[in-house]
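A.B. asks: based on what follows, work out the 3D shape:
(one chain, ligands or ions: 1)
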Amino acid sequence: MQLKALVRLGASAAFLAGGYRLWQKAQPQITQQPDLGIEWSQRLLTRAAPLVRLPTAPDQPPDVLADGSGLRCPATGRIYPFHEGVLDLLPDEIVLTETQHVLNTPTTAWIYDRFRDMLMRLFGLPEFAVEVTAIQRALRVEPGDVLLDLACGHGNFTVEWAKRIGSAGLVIGLDISPAMLARAATHVNRWGLENVLLIRGDALRLPLADRGITKVNCSGGFHQLPDLNQALREIARVSAPGATLTASTFAAGPNDRRAALKDWFRRHFALHFVPLAELDEPLAALGYSEYRWSLSGEWFGYLAAQRSQA
Ligand SMILES: C[S@@+](CC[C@H](N)C(=O)[O-])C[C@H]1O[C@@H](n2cnc3c(N)ncnc32)[C@H](O)[C@@H]1O
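C.D. replies: The predicted structure follows:
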């Protein structure tokens, strides 16, 4: 009897150890670091510098370091490093919210990267290729665009837009999470995309010049923002006349029957279900027209709007 119990114990221990080893193997190891070379960094930073504004000099373009290793603040001399494919422009005093923290570990970034599509299906949402096609119908990304992929995460949409924009254009993938950006950098490198600049920054204080961006897409980002109106003001500020905005987000509909549960998520996880029907006024006040929105099931929604030509 005792022997049987011992054997069972041994088998369970072996099973657990095997499972643990498998789990360890599956942990995110970013082995392929982005390294497209110094010339590439220089070219990319030189192309992007007129569009970038550093937290320490919001009114003037930065200087590009000769070796492509970063940008220098023209006011303070501070260096902002461009390291492993990411330019870090996050203001020093930023405090992350609960959900921002969750997506800021290598493990959650890896899980999100691997299983995003499965999660989307769980919510009854379209698969990625279908989603890209639907957004592209409104966004009309074309060669030469300067596109901001806001809350770019692991760079899934960033890569898609970069392929369409070509060498004459530029995609700025901006996210607050270094873990997500590390994955985005790997994908950008894997695709050999030379027209993507990944920036660590905050949607509420975009480190970008006024009116430089021709298209803005924010997939899956609005619900994480503690102050969406402030982010919309920033999006409007950096958008060129006539620029298109598209976004997808966890959303609330009019007379939402899940309102109580959604409010619970907001209070406990800082996850905001955006009332899409109510965005028409703030967007109009910021000079947007042709506002369209739709819900995809009970949880998620899409929107598009057009910045005025003035
Ligand atoms: C759910 S992911 C979306 C990633 C990708 N766009 C997609 O659709 O799969 C949301 C992203 O928003 C980012 N995020 C949250 N708050 C942000 C902020 N204030 N500024 C920039 N990015 C932010 C998170 O770090 C995360 O990567």
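
A.B. asks: distance of A185 from H101?
C.D. replies: 21 Å (C-beta to C-beta, to the nearest Å). Every residue, glycine included, has its C-beta placed from N, CA and C.

A.B. asks: of the two, give the one with the bigger neighbour count.
C.D. replies: A185 (26 against 13; other C-beta atoms under 10 Å).

A.B. asks: quick check, the more buried one in contact with V86.
C.D. replies: Yes: A185 is within contact range of V86, at 5.7 Å (criterion: C-beta atoms under 8 Å).

A.B. asks: identify the contacts common to the two.
C.D. replies: Shared contacts of A185 and V86, defined by C-beta atoms under 8 Å, 6 or more residues apart in numbering, comprise L198.

A.B. asks: once you drop chain neighbours, what's closest to L87?
C.D. replies: I199 (4.9 Å; C-beta to C-beta, 6 or more residues apart in numbering).

A.B. asks: which element is the one you found on?
C.D. replies: Applying DSSP states H and E as the criterion places I199 in strand 196-200.

A.B. asks: where does the nearest residue to W40 once chain neighbours are set aside land in three-state SS?
C.D. replies: If the residues on either side of it in the chain are set aside, W40 comes closest to E194, at 5.8 Å by C-beta to C-beta, 6+ apart. Secondary structure, DSSP: H, G, I helix; E, B strand; the rest coil: E194 is coil.

A.B. asks: return the backbone torsion pair for E194.
C.D. replies: Note on E194: backbone dihedrals following degrees, to the nearest 10 are phi -100, psi 0.

A.B. asks: check it and give its pLDDT.
C.D. replies: The model reports E194 with a pLDDT of 92.

A.B. asks: which residues touch it?
C.D. replies: Applying C-beta under 8 Å, 6+ apart, the residues contacting E194 are 36, 40, 43-44, 167.

A.B. asks: list just the nearest of those to the ligand.
C.D. replies: Nearest to the ligand, judged by C-beta to the nearest ligand atom, of the contacts of E194 is L44 at 20.1 Å.

A.B. asks: let me see the contact set for that closest one.
C.D. replies: 68, 194-195, 197 are the contacts of L44 under C-beta under 8 Å, 6+ apart.

A.B. asks: if you rank those by neighbours, which is first?
C.D. replies: L197 (23 neighbours).

A.B. asks: quick one: contacts of the strand holding I199?
C.D. replies: 44-45, 48, 52, 85-90, 152, 155, 158-159, 162, 170-178, 181, 184-185, 188, 207.

A.B. asks: ok, that strand: who's next to it in the sheet?
C.D. replies: Sheet pairing for strand 196-200, assigned by DSSP bridges, gives strand 86-88 (parallel), strand 170-175 (parallel).

A.B. asks: and the one residue in the chain that gets nearest to the ligand, how many residues sit next to it?
C.D. replies: Nearest to the ligand, among the residues of the chain, is G153, at 2.4 Å (C-beta to the nearest ligand atom). Around G153 there are 24 other residues, counting by other C-beta under 10 Å.

A.B. asks: for Y112, same thing?
C.D. replies: By other C-beta under 10 Å, the residues close to Y112 number 20.

A.B. asks: quick one: is the helix or strand containing it near the ligand?
C.D. replies: Assigned by DSSP H and E, Y112 falls within helix 106-122. Yes: with C-beta under 6 Å from any ligand atom as the criterion, the ligand is reached by helix 106-122 at R116.

A.B. asks: before we move on, back to that, from the contacts of L44, which two are the most distant?
C.D. replies: Farthest pair in the contacts of L44 (C-beta to C-beta) is G68 and N195. Separation: 15.5 Å.

A.B. asks: bridged to the nearest residue to G301 once chain neighbours are set aside, which residues?
C.D. replies: Using C-beta to C-beta, 6+ apart and skipping the chain neighbours, the partner closest in space to G301 is A251 (3.2 Å). Beta-bridge pairing for A251 (DSSP bridges): V274.

A.B. asks: ok, R205 next?
C.D. replies: Bridge pairing for R205 - DSSP bridges - gives D202.

A.B. asks: alright, calling it a day.
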